[in-house]
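structural data only, the sequence is not supplied:
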């Protein structure tokens with residue numbers, strides 16, 4: 001910047017008119033240099049104006065690089081816009097629909113989300129099994145057959161563990177426990193599970209042809225760096241207000257940058273992100289999978305790290321990319337729920353138009369489609385429709401005989417749950 005200022009000081013008035021993110025895009029020099037600059041400016045002058053604008057709004061973080069220089073981030077309008085959308089859609093008690101608010105269905109969606117995140121987070125780190133095989137393994141409870149399946153099962157258990165500690169202050173032991181769960185049975189050296197790497201461990205990040213892209217901090221500084229990370233995670237640092245979502249994203253970057261373990265750093269970092277979001281009451285993250293989005297473009301994920309390291313430790317590149325990922329993951333969840341609601345409505349319509357049910361049976365089947373874990377009794381059906389016990393009994397036994405309900409007996413009472421024919425109609 002000093003060289004550019006010396007060379008182009010005569011153009012300073014025009015240079016100072018440039019914003020930090022022209023056209024709403026926070027570009028790196030490697031992209032900007034190929035674009036047409038504004039009239040009257042060279043590419044270098046355009047870049048100088050952008051850098052000056054960013055510097056004026058730069059905020060330091062407690063994260064330091066290997067030379068002790070802090071990582072910083074700026075707050076362009078596009079960042080505030082995305083944070084507002086995430087706050088609106090992921091933390092407030094919004095009307096996301098009966099599918100999530102219903103406690104009978106909520107657990108099922110949470111399990112689906114945990115499985116999706118476990119699979120895709122592991123696939124990002126090289127797990128090679130298919131998603132369907134991995135889902136079947138988790139749901140059936142069978143033992144993993146290879147390292148890839150073990151990685152996925154570990155990650156599933158780690159995601160469950162994270163949800164059990166969201167109300168706790170994050171500690172060093174919890175980080176180690178999380179890493180131990182993530183890596184159990186997948187490392188050549190089992191003593192490395194839940195243990196910081198040492199100076200004997202040669203750790204660096206390279207691309208597919210072996211070029212070194214990132215050299216993590218030396219091992220002897222890791223205990224101090226981990227303490228600073230924990231202080232930041234628990235809001236105990238004195239760096240002023242940090243937006244909760246930005247805090248979670250910085251934690252994700254920090255642990256990945258430090259690479260404190262010989263393996264499993266990416267999965268641990270993403271787990272830490274989930275802990276931070278859920279502990280700060282972004283409840284929708286019970287249902288959201290960010291790795292599902294990251295896996296679709298892993299090179300962009302890697303590039304967001306590289307842009308940060310190659311432009312004066314500007315974390316804004318990573319923060320903005322992760323905000324886009326979060327926003328897209330939330331959008332996909334809404335689309336999924338909308339599709340499920342439409343499926344229920346369509347099935348209801350088919351059942352209604354069949355002409356084979358009375359109005360009481362139609363009401364019960366509609367409820368069962370929306371509440372697949374519901375239980376009905378003759379007495380509850382009688383009370384709901386103000387009919388005789390015999391009429392209610394006939395309604396339910398008829399649905400049971402036709403396969404729409406499954407009948408069980410406890411003592412002298414009969415109970416009914418959604419049956420196989422109702423499930424097959426939904427499918």
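Thanks, I have the structure now. Since we're looking at a predicted model, the values are computed, not measured.

all helices of the stretch 151-300 of the chain, in order?
172-183, 222-233, 244-258, 265-279, 291-294, 298-309 (DSSP state H, counting those that start in this stretch).

ranking these by mean pLDDT, which is last?
In terms of average pLDDT, helix 291-294 trails the rest of those, at a mean of 89.

who touches that one?
Residues external to helix 291-294 that are found in contact with it (Cβ atoms under 8 Å, 6 or more residues apart in numbering): 116, 117, 120, 121, 123, 124, 270, 301, 325, 328, 329, 332. C-beta: built from backbone N, CA, C; applies to glycine.

run the last query once more with 10 Å
Here helix 291-294 makes contact (Cβ atoms under 10 Å, 6 or more residues apart in numbering) with 113, 116-125, 131, 155, 266-267, 270, 298, 300-302, 304, 321-322, 324-329, 331-333.

now, those residues that are in helices?
With helices taken from DSSP state H, the overlap with the contacts of helix 291-294 comprises 113, 116-124, 131, 155, 266-267, 270, 298, 300-302, 304, 321-322, 324-329, 331-333.

only whichever of those are buried, select them in ChimeraX.
To isolate the buried members of these in ChimeraX, using 16 or more other Cβ atoms under 10 Å:
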select :113,116,117,118,119,120,121,122,123,124,155,266,267,270,301,304,321,322,325,326,327,329,333
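
and the closest residue to residue 230 other than its chain neighbours, how far is that from residue 195?
Of all residues not flanking residue 230 in the chain, residue 170 sits nearest, at 5.7 Å (Cβ to Cβ, 6 or more residues apart in numbering). According to Cβ to Cβ, to the nearest Å, residue 170 and residue 195 sit 18 Å apart.

these two: which is more packed in?
Neighbour comparison, residue 170 and residue 195: the larger count goes to residue 170, with 21 against 17 (by other Cβ atoms under 10 Å).

so that one sits against residue 280, correct?
No. Applying Cβ atoms under 10 Å, one finds residue 170 not in contact with residue 280, separated by 11.7 Å.

so who does residue 249 touch?
Applying Cβ under 10 Å, 6+ apart, we find residue 249 in contact with 73, 242-243, 273, 276-277, 315, 318-323, 325-326.

and the residue nearest to residue 230, what does it touch?
Contact analysis of residue 170 by Cβ under 10 Å, 6+ apart lists 178, 229, 230, 231, 232, 233, 234, 251, 272, 275, 276, 279.

filter these to the buried ones?
Buried among those by 16+ other Cβ under 10 Å: 178, 229, 230, 232, 233, 251, 272, 275, 276, 279.

these: which two are farthest apart?
Maximum pairwise distance among the buried ones among the contacts of residue 170 (Cβ to Cβ): 16.6 Å, between 178 and 232.

on that earlier part again, looking at the helices of the stretch 151-300 of the chain, which is closest to residue 7?
helix 298-309 (24.3 Å).

now for that closest one, which elements pack on it?
In terms of contacts (3 or more Cβ pairs under 10 Å, 6 or more residues apart in numbering; DSSP states H and E), helix 298-309 is packed against helix 29-32, strand 70-73, helix 103-124, strand 205-206, strand 212-214, helix 244-258, helix 291-294, helix 316-353.

repeat the analysis, applying 8 Å as the threshold.
strand 212-214, helix 244-258, helix 316-353 (3 or more Cβ pairs under 8 Å, 6 or more residues apart in numbering; DSSP states H and E).

point out the most buried one among these.
Looking across the helices and strands packed on helix 298-309 with neighbours counted as mean count of other Cβ atoms under 10 Å, the highest average goes to helix 244-258: a mean of 23.

stretch 370-381 spans what distance, first to last residue?
In stretch 370-381, first residue to last residue: 17 Å (Cα to Cα, to the nearest Å).

I am finished for the moment; much appreciated.
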